[in-house]
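S.K.: quick one: sequence and predicted model below, then my questions.
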Amino acid sequence: MEMEGLLWIAGIRRFDYICNQDMRQRFDNQLQPEGARQAAKRTLKATMADSIHADLKLAGPGARQGKVASNDHQSGPRYQT
């Protein structure tokens with residue numbers, strides 16, 4: 001399980017072609033929880049930044065303020081007097 005976490009952090013997708021010892025050397029015997037914590041921080045930061053930008057697009061200036069025309073709303077050239 002530890003190696004799968006380190007492989008995920010390193011971005012390696014082919015698990016068959018790399019030895020556990022190579023991964024330990026690559027991470028300098030770094031413990032998996034510390035590596036996972038750092039990767040989770042990076043992922044969370046990127047995810048939060050994306051969601052904040054998406055929210056700003058929806059609620060930015062000029063966005064609708066939740067006003068919806070009712071069913072009996074009469075507007076347009078037919079109702080102008």
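M.R.: Alright, I've got the coordinates. Just so it is clear, the structure is predicted and the values come from calculations on it, not from any experiment.
S.K.: hey, let's count contacts and neighbours off CA atoms from now on
M.R.: Will do.
S.K.: and Arg26, its phi and psi?
M.R.: Phi and psi for Arg26, reported as degrees, to the nearest 10, are phi -60, psi -40.
S.K.: swap in Gly11?
M.R.: phi 80, psi 20.
S.K.: give me the pLDDT value at it.
M.R.: Gly11 carries a pLDDT value of 72.
S.K.: same thing with Gln74?
M.R.: Listed pLDDT for Gln74 reads 67.
S.K.: again, but for His53
M.R.: At His53, the pLDDT value in this model is 60.
S.K.: so where is this structure shaky, pLDDT-wise?
M.R.: Residues of the chain meeting the criterion pLDDT under 70: 1-3, 13-17, 20, 29-34, 46-76, 79-81.
S.K.: element containing Met23?
M.R.: helix 20-26 (DSSP states H and E).
S.K.: list the helices and strands that helix packs on?
M.R.: On a contact count with 3 or more Cα pairs under 8 Å, 6 or more residues apart in numbering; DSSP states H and E, helix 20-26 meets helix 2-10.
S.K.: counting by contacts, list what the helix it packs on packs against.
M.R.: Under the contact criterion of 3+ Cα pairs under 8 Å, 6+ apart, helix 2-10 touches helix 20-26, helix 32-59.
S.K.: for that helix, list every residue counted as buried.
M.R.: Neighbour counts over helix 2-10 (16 or more other Cα atoms under 10 Å) mark 6-7 as buried.
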